[in-house]
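Enquirer: sharing a model prediction with you, sequence too.
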Amino acid sequence: GAGVSQSPRYKVAKRGQDVALRCDPISGHVSLFWYQQALGQGPEFLTYFQNEAQLDKSGLPSDRFFAERPEGSVSTLKIQRTQQEDSAVYLCASSSLRGPPYEQYFGPGTRLTVT
Amino acid sequence: SQQGEEDPQALSIQEGENATMNCSYKTSINNLQWYRQNSGRGLVHLILIRSNEREKHSGRLRVTLDTSKKSSSLLITASRAADTASYFCAGLIQGAQKLVFGQGTRLTINP
């Protein structure tokens, strides 16, 4: 595709609800990343996939956060039992190992508001 | 938590002036990247400088890297109103694929 796409762009969830955020990376990009960006802050790393393998999930803040990429393309970030502190923009990025060294291309993000 | 710090947190200048933003980081990196973010478009990659480079230019952008001081600077020359955005430095951590971002500098260009 032309770029990284994410859906939904905005999500309002009531505290305690589960949410699922989707990321479509650039076609052919083997690496996929999830970041969390709180208001007024820089993005913080959550997790990283190379193809379907989740190689680093050190940034996931709790076991309520779960990410998958079962076929090595589309990825879903799931947050169970959402809390107010989960309110943030969730950014997805993809990268090609054949391109410039580890330049990451970001999607527009999903703004999650937990009420 | 963030491992990069940026200075200043906010910068307001007149159109046509130069803007300089600084970034410091704590861990060893393979490269350092600068990104721009404005409300409509999300994060856009601007320039990448490798750990063995000291300076790099791209159009109106000039980036320096001092690995001994663990710091970098981004200079935007002849600023334009369209440069108004938040600017983030991000280091690619050695031995990992993840980027560690600074807190960002909010740049405002006044016409």
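Expert: That came in fine, so what should we check first?

Enquirer: please make it C-alpha for all contacts and neighbour counts, starting now.
Expert: Fine.

Enquirer: am I right that B:Y35 sits in a strand?
Expert: Yes: following the definition DSSP: H, G, I helix; E, B strand; the rest coil, B:Y35 is counted among the residues of a strand.

Enquirer: with adjacent residues omitted, what lies nearest to it?
Expert: B:H45 (4.6 Å; CA to CA, 6 or more residues apart in numbering or on different chains).

Enquirer: going on from the strand or helix carrying the one you found, what's the next piece of helix or strand?
Expert: Element membership of B:H45, judged by DSSP states H and E, is strand B:42-50. Of the helices and strands lying after strand B:42-50 in sequence (DSSP H and E), the nearest is strand B:55-58.

Enquirer: elements contacting that next one?
Expert: The criterion is 3 or more CA pairs under 8 Å, 6 or more residues apart in numbering or on different chains; DSSP states H and E, and the helices and strands that strand B:55-58 contacts are strand B:42-50, strand B:61-66.

Enquirer: show me what the shortest one is packed against.
Expert: Put plainly, it is strand B:61-66. Under the contact definition 3+ CA pairs under 8 Å, 6+ apart, strand B:61-66 sits against strand B:42-50, strand B:55-58, strand B:71-76.

Enquirer: in its sheet, which strands sit next to it, and in what direction?
Expert: Looking at strand B:61-66 with DSSP bridges, its partner strands are strand B:55-58 (antiparallel), strand B:71-76 (antiparallel).
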